[in-house]
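J.: make a model of this:
(one chain, ligands or ions: 1)
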Amino acid sequence: MTELYDLAKRDRLAFWADQAHELYWHKPFTKTLNWSDAPFAKWFEDGQINASYNCLDRHVLAGLGDRVALFFEGEPGDSKVFTYSELLAETKKAANALIALGIESGDRVAIYMPMIPETVIAILAVARIGAVHSVVFGGFSSDSLRSRIDDAQAKLVITADGGFRKGRAHPLKEAVDQALQEGNCPSVEHVLVVERTKNDVTFGPKDTWWHDALSNAATEHVAAGFDSEHPLFILYTSGTTGKPKGILHTTGGYLTGASYTHRTVFDLKPNTDVYWCTADVGWITGHSYVVYGPLANGATQVIYEGTPDTPSFERWWQIIAKYHVSIFYTAPTAIRTFMKIGREIVEGHDLSSLRILGSVGEPINPEAWNWYKEVVGGSRCEIVDTWWQTETGSIMISPIPGAFKTKPGSAQRPLPGITIGIVDELGAPVEKTAEGSVAGYLTIDEPWPSMLRGVWGDPERFKETYWNKFPGKYFAGDGARFDEDGDIWLLGRIDDVIKVSGHRLSTAEIESALVEHHWVAEAAVVGAKDEITEQAVVAFVILRQDEIADAPSETDIAKILRDWVTQKIGAIARPRQIMVVTELPKTRSGKIMRRLLRDVAEGRPVGDVTTLADSSVMTAINDKLHLGASD
Ligand code: PRX
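T.: You can find the predicted model right below:
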């Protein structure tokens, strides 16, 4: 594996061309990178490729049709197996069904589904005909779904009657109906509905059952090649301002990045490994490391519909033992949850098949890293702590198994082909000394194939968010430092993005949801340190007393507002705590000082208040909290 570092160092573009050549190109490319219109990159621009063909047809044509692509485990205990031939046959039918509904290359299709095989099939069918998918996590509310459908102008929504979560049939079609009601989302012409839970659903003129559409569809479909820069998907993610951004990824470069990193970081042996990534396809990890990376590499993988605690916390470990999972990829939050429950629950299962363990989504603290290694990995597995983002499309910083000694808590080094920097406020590289470096801003200094190609419909926002702070460099929004060996330690977000159980949320987005409630005059949201979820949402609100008629208690108000956020955004954004205050700490220029609120939320003495317009505000907030007036 170490030779990859040398190859990439010697000739970075030739290295990337080699990685791209691992894929099947309908028309080979001759140009690797066109950066003349930076920061709008074009990778492999004169080549043509089909992502779905690379994930399916290619393996079947190579004689691997009988290899298992998916072991599906439903939450209620049902299971299903799809070989690559079977997955291809279903995807072809689904592609034909989409064409029959009038979907054409370039059209946007929203996918709002549980973690079931049809979701993977839907994604691959959309990609196969050159349409653009926008997967919306099934935990998002109908309001969030509506704004994403509208922003992308989706023509079709693919959903399910429901999905099983925590022992319950969680409705999805209902949320789609709400998003579309009263003539909203006029771009949507059709809704395809997979039957999963047999929930009662209401059918209108736009609705068609997935199984009907597929059984009426032709079985043969020949995948055409699309330009390498043809849009593959949009995925909405939270930024520092209120409105989520539609991150755009295109075909050839993205698939190159996802497949290269998947086989390299996990040291994939496709004919013997059983791989399992616990992420939902509603997030980038599900896109790159459930759908495109593993399938492009011909891997055999497990997908699981439900939560780790259903019917008990034994579930994940039973699944690993049942399918002899050898590569396991999850988030630190999950590890910390199991640490708290105790090692017995893990140790009661035969996990000897495991050889590589991955971590993603937030910094993994050394205690959790060591526990993962020892208790889950029996001290014999390699741990790969992988740093990346929705925007980067694939893993950027991670150890490669066996290449060098790993270190608890550090993602360590950029992957071959990736150039990472850490700079100070003025953009100058931080000085590396024998003790390491001070903390700075993480940057990616040269373009890479799976980089985002833009923010859907907003090229200015793309430039401003990622490229203007340090001209010529991609600004990631994370703090980082080098240690004495030159290894990288990620220090979390430096902006108003917070991470709750690895899910990315914007404080501004939650604040705007709160002020949409007629009781709320002003709101400030912070991410407070949480032992399990890394950060938790804590909100401070100023109420409009005149709007609150029958004088509910502050506890009731907090409960109603927490429910409101769930309804506006989704349960992942539900504040852990809402504090009713009469004023918010602001600078003289009117900026809310979240740093001080974070001190309060984390129970620390409040820091320097000298820049506040009115320093008595913090005393008032503190005094009030000591009287116990919180949720
Ligand atoms: O702060 C970093 C954190 O997650 C952010 C990206 O979130 P998202 O786009 O939702 O993608 C998550 C899955 C790739 C980053 O800016 N992050 C992700 N992985 C790590 C991490 N922080 C520290 N260590 C990681 N391994």
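J.: okay, CA-based contacts and neighbour counts for the rest of this
T.: Fine.
J.: show me what residue of the stretch 1-150 of the chain gets nearest to the ligand.
T.: Phe137 (11.8 Å; C-alpha to the nearest ligand atom).
J.: so where's the stretch 1-150 of the chain shaky on pLDDT?
T.: For the stretch 1-150 of the chain, residues meeting the criterion pLDDT under 70 lie at 1.
J.: centroid residue for this protein?
T.: Trp283 (3.0 Å; C-alpha atoms, centre = their mean).
J.: isn't that residue up against Ser134?
T.: No - at 10.6 Å, Trp283 does not count as touching Ser134 under the criterion of C-alpha atoms under 8 Å.
J.: quick check: pLDDT value at the residue in the stretch 201-350 of the chain that the ligand sits nearest to.
T.: Here the stretch 201-350 of the chain gets closest to the ligand at one residue, Thr285, 5.4 Å apart by C-alpha to the nearest ligand atom. Per-residue confidence (pLDDT) for Thr285: 98.
J.: what's the burial count for it?
T.: 26 (other C-alpha atoms under 10 Å).
J.: now do the contacts for it.
T.: 279, 390 (C-alpha atoms under 8 Å, 6 or more residues apart in numbering).
J.: with the one 4 residues further on instead?
T.: Tyr289 makes contact with 258, 262, 277, according to C-alpha under 8 Å, 6+ apart.
J.: quick check, nearest of those residues to His26?
T.: Ala258 (18.8 Å; C-alpha to C-alpha).
J.: how far away is that closest one from Met618?
T.: 47 Å (C-alpha to C-alpha, to the nearest Å).
J.: and His190, by the same measure?
T.: 53 Å.
J.: now Ala296
T.: For Ala296 relative to Met618 (C-alpha to C-alpha), the value is 55 Å.
J.: same deal with Gln318?
T.: Taking C-alpha to C-alpha, one finds Gln318 at 50 Å from Met618.
J.: and the two? Which one has more around it.
T.: Met618 (21 against 16).
J.: confirm that that one sits in a strand.
T.: No - secondary structure assignment places Met618 outside any strand; it is helix (DSSP: H, G, I helix; E, B strand; the rest coil).
J.: which residues sit in contact with the closest residue to it other than its chain neighbours?
T.: The shortest distance from Met618 to any non-neighbouring residue, by C-alpha to C-alpha, 6 or more residues apart in numbering, is to Pro585 (6.5 Å). Pro585 is in contact with 592-594, 596-597, 612-615, 617-618, counting by C-alpha under 8 Å, 6+ apart.
J.: those in helices, which ones?
T.: 594, 596-597, 617-618 (DSSP state H).
J.: how about Thr197, secondary structure?
T.: coil.
J.: how much space separates it from Arg604?
T.: 47 Å.
J.: higher neighbour count, those two?
T.: Taking neighbours as other C-alpha under 10 Å, Thr197 and Arg604 compare with Thr197 leading, 15 against 11.
J.: show me what the closest residue to the more buried one other than its chain neighbours is bridged to.
T.: Leaving aside its sequence neighbours, Thr197 sits nearest to Gly162 (C-alpha to C-alpha, 6+ apart; 5.4 Å). As for beta bridges, Gly162 partners with Pro171 under DSSP bridges.
J.: so what's the residue count around Gly162?
T.: 27.
J.: how about Leu101?
T.: Neighbour tally, Leu101, other C-alpha under 10 Å: 17.
J.: what's the closest non-adjacent residue to it?
T.: His190 (7.4 Å).
J.: the one you found and Ala154 touch, don't they?
T.: No - using C-alpha under 8 Å, His190 is not in contact with Ala154, being 9.7 Å away.
J.: got the residue ranges for the helices in the stretch 451-600 of the chain?
T.: 459-466, 507-515, 554-568, 594-601 (DSSP state H, counting those that start in this stretch).
J.: next, Tyr53: secondary structure please.
T.: Per three-state DSSP, Tyr53 ends up helix.
J.: buried residues in stretch 591-604, which are they?
T.: 592-601 (16 or more other C-alpha atoms under 10 Å).
J.: what of stretch 212-229?
T.: Of the residues in stretch 212-229, those buried (16+ other C-alpha under 10 Å) are 213-214, 217, 219, 221, 223, 225-229.
J.: which residue sits farthest out from the middle of this structure?
T.: Asp550 (41.8 Å).
J.: output the below-cut-off pLDDT ranges for the stretch 301-450 of the chain.
T.: Using pLDDT under 70, nothing in the stretch 301-450 of the chain is flagged.
J.: for the ligand, what are the nearby residues on it?
T.: 360-363, 385-390 (C-alpha under 6 Å from any ligand atom).
J.: Lys206 reaches His190, doesn't it?
T.: Yes - Lys206 is in contact with His190 according to C-alpha under 8 Å; the separation is 4.6 Å.
J.: those two: which is more packed in?
T.: Remark: of Lys206 and His190, His190 carries more neighbours, 21 against 12, as counted by other C-alpha under 10 Å.
J.: how far away is that one from Pro205?
T.: For His190 relative to Pro205 (C-alpha to C-alpha), the value is 8 Å.
J.: look up the closest residue to Leu160, ignoring the ones flanking it.
T.: Heads up, residue 160 is Ala, not Leu. Nearest to Ala160 is Val194, by C-alpha to C-alpha, 6+ apart, at 4.2 Å.
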